[in-house]
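# just need the structure, nothing else, for what follows:
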Amino acid sequence: MSSRFITRAAVLAFGFSTALVTTALAQEKVLRIGMTAADIPRTHGQPDQGFEGNRFTGIPMYDGLTNWDLSSAEKASVVIPGLATEWAVDASDKTKWVFKLRPGVKFQDGSAFDAAAVVWNVDKVLNKEAAQFAPDQIGVTVSRMPTLKAAKVVDPLTVELTTSEPDAFLPINLTNLYMASPTHWAAKLAAVPASVADAAERSKQAWAAFSADPSGTGPFKGVRLVPRERFEMVANKAYWDQKRAPKVDRVVLLPLPEANARTAALLSGQVDWIEAPAPDAVPQIKQRGFSIYTNAQPHVWPWQLSFAEGSVWLDKKVRHAANLCINRDELKTLLGGLMEVPKGTVPPGHPWWGNPKFEIKYDLDAAKKLMTEAGFSAAKPAKVKVLTSASGSGQMQPLPMNEFMQQALKDCYFDVALEVGEWNAVFTNWREGAKHANARGANATNVTYAAMDPFFAMVRFVSTKTFPPVSNNWGYFGNDEFDKLIADARTSFDGTARDAALAKLHARIVEEAPFVWVAHDVGPRAMSAKVRGVVQPKSWFIDLAPMSME
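Predicted coordinates:
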């Protein structure tokens, strides 16, 4: 749909109530956001919908022991103290970490945050005997910190965390474990009718009630949830970090998975901010006085390849050929410049770059030669089936981009079929793996990923310990060499040594090519000029708290 056709008819097709801002809301400073997700990410403290969930229902309402610093557009985001003020690994037993907690922090229900609350939140995903155990929270938590094993109270403001093996990445991974209020949850559990006798069902109902009325320690508090339609948060005026004291009264999240519908909603004034605007509408958006924010991000748009028996990708020549067959500069033009051209998971010059011997670039002749050597031709193409989504967190413009890939790879003797699923189902299959029925016979999956930390960028995709359903090694890639490289990095508690080990790992990943690296995201966001204080960090995340409405 061309931008010139984004008209009143498109707005009406959007099907959105014209009475979005009621008289009461009009008196408030309200920030309305059109998300790419098709549903509201879970609000109970462990969001789904990929990292879009962390961005919109995680970071605003909750804190981890560690948080990401999202305050700069120029410097790379790093991990900073959150609900923990400091931490250290035990010098004699590097499977044990001690975290000192921030004093005086309150949950939004008024109860105190302390070491017992940390243990409770670890148990919600690790301890099947715990009353609050939540099976539906495991996938988006344990897969992101698979070595976390247990937690125990040392004193009210000190907690000890234990890992299954030495793991220098743990403080980074803990940015994904959000602290929900045990006291507030217990009240929801007590309100479950006595007629519900089954403990697991009682817990499930308590979490459902908690989702509708959540309580974390973050700068915003959830107040209204309408699944698949809207979620509203209001400012937490008692937030512990005054540097992040919210400047708007209310945030309204609206799921708008279709790019043209999002764009129409922005242009019509029904929302103030949209993620991933339709690329061909960018000139119109700018002409109408809206701002487009972009920044190179550690966020990869790939095909992740299957190494299951019979997969065409088992041949490294085929993997290299696919990486050489894509004219990424042409794709960048198609996307209106809203991408970066990748050379790997991290760019040259990054501490983890490692100077791989295989160069990701466009070389059609070399790609064809490799495919011929692998036994393929125009008459006998390599059959590829890619599982993707029509929208979703970080997926950029998945259908046009995959259709571009489909046509580009045809020149190199690939026959590409696209299997389009709902985003959350595709994301769930990312943990289920290529061998699962929900992969629908695909031998590649298109799920974008953040590359801000070692585990997320590399480890979870190439370790034999992260095969499904443990984490996101969807394609079952891994061997002793990669496990050794990972162990070297994981047991390096000195930053310089860890970077050197990670550089070796990255170089080998690029050389073995378990991915087709297609694009690096720049996180395009289109916003009304009324939205002020926007910092677009070098991160997949963004902080709503410092933003204001004119």
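# low-scoring pLDDT stretches of the chain, where are they?
Applying pLDDT under 70 to the chain flags residues 1-26.
# what about the most far-flung residue of it relative to its centre, distance to D415?
Ranked by distance from the centre of the chain (Cα atoms, centre = their mean), the top residue is A379, with 39.9 Å. Using Cβ to Cβ, to the nearest Å, we find A379 at a distance of 11 Å from D415. Glycine gets a C-beta too; all of them are placed from N, C-alpha and C.
# distance of Q137 from D315?
39 Å.
# I360: what's it in contact with?
Contact partners of I360, counting by Cβ atoms under 8 Å, 6 or more residues apart in numbering, are N323, L324, P342, K343, G344, V510, W517.
# do the same with W273
Taking Cβ under 8 Å, 6+ apart, we find W273 in contact with L31, R32, I33, G34, L266, R525, A526, M527, S528, V531.
# and for D543?
I59, L70, S71, R244, V535, P537.
# most neighbours, which of those?
Greatest neighbour count in the contacts of D543, by other Cβ atoms under 10 Å, goes to I59: 28 neighbours.
# give the contact list for it.
N67, W68, L70, G218, F541, D543, L544.
# same thing but at 10 Å, please
Contact analysis of I59 by Cβ atoms under 10 Å, 6 or more residues apart in numbering lists 47, 51, 53, 67-68, 70, 175, 178, 216, 218-220, 244, 541-545.
# among those, name the ones in helices.
F51, G53 (DSSP state H).
# from the contacts of I59, keep the buried residues only.
47, 51, 53, 67-68, 70, 175, 178, 216, 218-220, 244, 541-545 (16 or more other Cβ atoms under 10 Å).
# strands of the stretch 201-350 of the chain, start to end?
Assigned by DSSP state E, counting those that start in this stretch, the stretch 201-350 of the chain shows strands spanning 220-226, 230-235, 250-255, 273-275, 291-293, 299-305.
# and the fourth one, which strands flank it?
Spelled out, it's strand 273-275. The pairing partners recorded for strand 273-275 under DSSP bridges are strand 30-35 (parallel), strand 525-527 (antiparallel).
# now mean neighbour count and distance to V251 too, for these, in a markdown table please.
Below are those laid out as a markdown table (neighbours: other Cβ atoms under 10 Å; distance: least, Cβ to Cβ, whole Å):
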| stretch | mean neighbour count | distance to V251 |
| --- | --- | --- |
| strand 30-35 | 24 | 5 |
| strand 525-527 | 23 | 13 |
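# reformat those strands as a markdown table; add distance to W303.
Below are the strands paired with strand 273-275 laid out as a markdown table (distance: least, Cβ to Cβ, whole Å):
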| stretch | distance to W303 |
| --- | --- |
| strand 30-35 | 24 |
| strand 525-527 | 25 |
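# quick one, which of these gets closest to A208.
Minimum separation from A208 across the strands paired with strand 273-275 (Cβ to Cβ) falls at strand 30-35, 21.4 Å.
# just the angle between the closest one and strand 250-255, please?
20 degrees (axes from the mean of the first three to the mean of the last three Cα atoms, to 10 degrees).
# surely V271 touches V252?
Yes: counting by Cβ atoms under 10 Å, V252 is a contact partner of V271 at 8.2 Å.
# give me the common contacts of the two.
With Cβ under 10 Å, 6+ apart, V271 and V252 have common neighbours L20, L31, R32, I33, G34.
# wait, which of the residues you listed is closest to N424?
Relative to N424, the closest of those is G34; by Cβ to Cβ it sits at 17.7 Å.
# that's a strand at L161, yeah?
Yes: under DSSP: H, G, I helix; E, B strand; the rest coil, L161 falls within a strand.
# identify the bridge partners of the closest residue to it other than its chain neighbours.
What sits nearest to L161 in space, not counting adjacent residues and going by Cβ to Cβ, 6 or more residues apart in numbering, is W97, at 4.7 Å. Beta bridges link W97 to V89, L161, judged by DSSP bridges.
# ok, W97 to F113 distance?
In this view, W97 and F113 are 18 Å apart by Cβ to Cβ.
# cool, T95 as well?
25 Å.
# between those two, which one's more packed in?
Set T95 next to F113 and count neighbours by other Cβ under 10 Å: F113 wins out with 23 against 16.
# quick one on the thing from earlier: Q137 and D315: which has the busier surroundings?
Remark: of Q137 and D315, Q137 carries more neighbours, 23 against 17, as counted by other Cβ under 10 Å.
# that one against V122, yeah?
No: with contact defined as Cβ under 10 Å, Q137 does not count as touching V122 (11.4 Å).
# what do those two both touch?
Both Q137 and V122 are in contact with L177, where contact means Cβ under 10 Å, 6+ apart.
# let's verify the nearest residue to N429 once chain neighbours are set aside: helix, strand, or coil?
Excluding the flanking residues, the one nearest N429 by Cβ to Cβ, 6+ apart is N438, at 4.5 Å. At N438 the chain is in helix, as set by three-state DSSP.
# next, count neighbours for N438.
14.
# I'd say it and A425 touch.
Yes: assessed by Cβ under 10 Å, N438 is found in contact with A425 at 6.9 Å.
# which residues are common contacts for the two?
Joint contacts of N438 and A425 (Cβ under 10 Å, 6+ apart) are L387, E432.
# next, give phi and psi for K410.
phi -60, psi -30 (degrees, to the nearest 10).
# so who does it touch?
K410 makes contacts with C325, A378, P381, V416, as judged by Cβ under 10 Å, 6+ apart.
# can you say which of those residues are buried?
C325, P381, V416.
# please identify the helix or strand for the closest residue to the second one other than its chain neighbours.
Counting by Cβ to Cβ, 6+ apart, P381 lies nearest to D415, which is 4.0 Å off, once chain neighbours are set aside. Under DSSP states H and E, the secondary-structure element containing D415 is strand 414-421.
# which neighbouring elements make contact with that strand?
Secondary-structure packing of strand 414-421 (3 or more Cβ pairs under 10 Å, 6 or more residues apart in numbering; DSSP states H and E): helix 316-324, strand 382-389, helix 398-410, helix 423-432, strand 444-445.
# now the longest one - C-alpha only, PDB.
Below are the C-alpha coordinates for helix 398-410, written out as PDB (Å, rounded to 0.1, in the frame of the first residue of the first chain):
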ATOM      1  CA  PRO A 398       8.900  -9.300   7.600                       C
ATOM      2  CA  LEU A 399       6.800 -10.100   4.600                       C
ATOM      3  CA  PRO A 400       8.400  -7.700   2.100                       C
ATOM      4  CA  MET A 401      11.800  -8.600   3.400                       C
ATOM      5  CA  ASN A 402      11.200 -12.400   3.100                       C
ATOM      6  CA  GLU A 403       9.700 -11.900  -0.300                       C
ATOM      7  CA  PHE A 404      12.900 -10.000  -1.300                       C
ATOM      8  CA  MET A 405      15.000 -12.900   0.100                       C
ATOM      9  CA  GLN A 406      12.800 -15.400  -1.800                       C
ATOM     10  CA  GLN A 407      13.500 -13.600  -5.100                       C
ATOM     11  CA  ALA A 408      17.200 -12.900  -4.400                       C
ATOM     12  CA  LEU A 409      18.000 -16.500  -3.500                       C
ATOM     13  CA  LYS A 410      16.300 -17.800  -6.700                       C
END
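# can we start the residue count at 18 from this point?
New numbering, starting at 18: the last item is helix 415-427.
# report the angle between it and strand 431-438.
160 degrees.
# mind listing what's buried along helix 415-427?
Across helix 415-427, burial judged by 16+ other Cβ under 10 Å covers P415, P417, M418, N419, F421, M422, Q423, A425, L426.
# same question for stretch 390-408.
Buried residues in stretch 390-408 (16+ other Cβ under 10 Å): A391, F393, P398, A399, V401, K402, V403, L404, T405, S406, A407, S408.
# likewise stretch 182-201?
Of the residues in stretch 182-201, 183-199, 201 count as buried by neighbour count, 16+ other Cβ under 10 Å.
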